[in-house]
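Colleague: what's the 3D shape of this:
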Amino acid sequence: MARILGVNLSDNHKVEYALTLFYGIGWTLSGKIIDQAKVDKKKRVKDLTEDDLKKITTIIEKNYKVEGDLREELNENLKRLREIASYRGSRHEKGLPVRGQRTRSNARTKRGKRKTIGALKKEVWAKLEQGKPAVAAEAKK
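Modeller: Modelled structure (predicted):
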């Protein structure tokens, strides 16, 4: 098991996929990194030499923000938006869509599970239909 910048890479994965396990590195970026390091994309992690691993780590350290540094930067950006009381910051605080999407009919992923408001139980409806005024007042509360 190879360890690069605090991330364990499984020996059985191909190098191109293994680099995508880093937070902040996707398929395209991993391809670019491998091309810069001049390593074969089809190699498995267990077949990499120490020299190959060093090349990959230096390229990542010099050119890209990954893992903790990237997360830290993103959190600072959100914190700044909240502090200056921008609209985007307030939307982030409330857990609502930030970029102008509608929320009346969509945005279930961002807003979470539906919360039914004002629904009455079957027993309460049955009592209301019988015309009991005390229960009707209770249901309105």
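Colleague: skipping adjacent residues, who's closest to K55 in space?
Modeller: A37 (4.1 Å; CB to CB, 6 or more residues apart in numbering). No exception for glycine: its C-beta is placed from N, CA and C like everyone else's.
Colleague: neighbours around that neighbour, how many?
Modeller: Neighbourhood size, A37 [other CB atoms under 10 Å]: 19.
Colleague: pretty sure it sits against L53.
Modeller: No - using CB atoms under 8 Å, A37 is not in contact with L53, being 9.3 Å away.
Colleague: read off the pLDDT value for G100.
Modeller: As predicted, G100 sits at a pLDDT of 88.
Colleague: the helices in this structure, which residues?
Modeller: Under the criterion DSSP state H, helices of the chain are mapped to 15-19, 27-37, 50-63, 67-83, 87-94, 108-111, 122-130, 133-140.
Colleague: relative to helix 87-94, how tilted is the longest one?
Modeller: Translated: helix 67-83. Using axes from the mean of the first three to the mean of the last three CA atoms, to 10 degrees, the inter-axis angle of helix 67-83 relative to helix 87-94 is 110 degrees.
Colleague: so what touches helix 67-83?
Modeller: 5-7, 22-24, 65, 88-90, 92-93 (CB atoms under 8 Å, 6 or more residues apart in numbering).
Colleague: which parts of it are buried?
Modeller: Judged by neighbour count using 16 or more other CB atoms under 10 Å, the buried positions of helix 67-83 are L81.
Colleague: picking up where we left off before, could you export the helices of the chain as JSON lines, including mean pLDDT and distance to R44?
Modeller: Shown next, in JSON lines, are those (pLDDT from 0 to 100; distance: least, CB to CB, whole Å):
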{"stretch": "helix 15-19", "mean pLDDT": "91", "distance to R44": "7"}
{"stretch": "helix 27-37", "mean pLDDT": "93", "distance to R44": "13"}
{"stretch": "helix 50-63", "mean pLDDT": "92", "distance to R44": "12"}
{"stretch": "helix 67-83", "mean pLDDT": "93", "distance to R44": "23"}
{"stretch": "helix 87-94", "mean pLDDT": "93", "distance to R44": "41"}
{"stretch": "helix 108-111", "mean pLDDT": "85", "distance to R44": "36"}
{"stretch": "helix 122-130", "mean pLDDT": "73", "distance to R44": "61"}
{"stretch": "helix 133-140", "mean pLDDT": "55", "distance to R44": "66"}
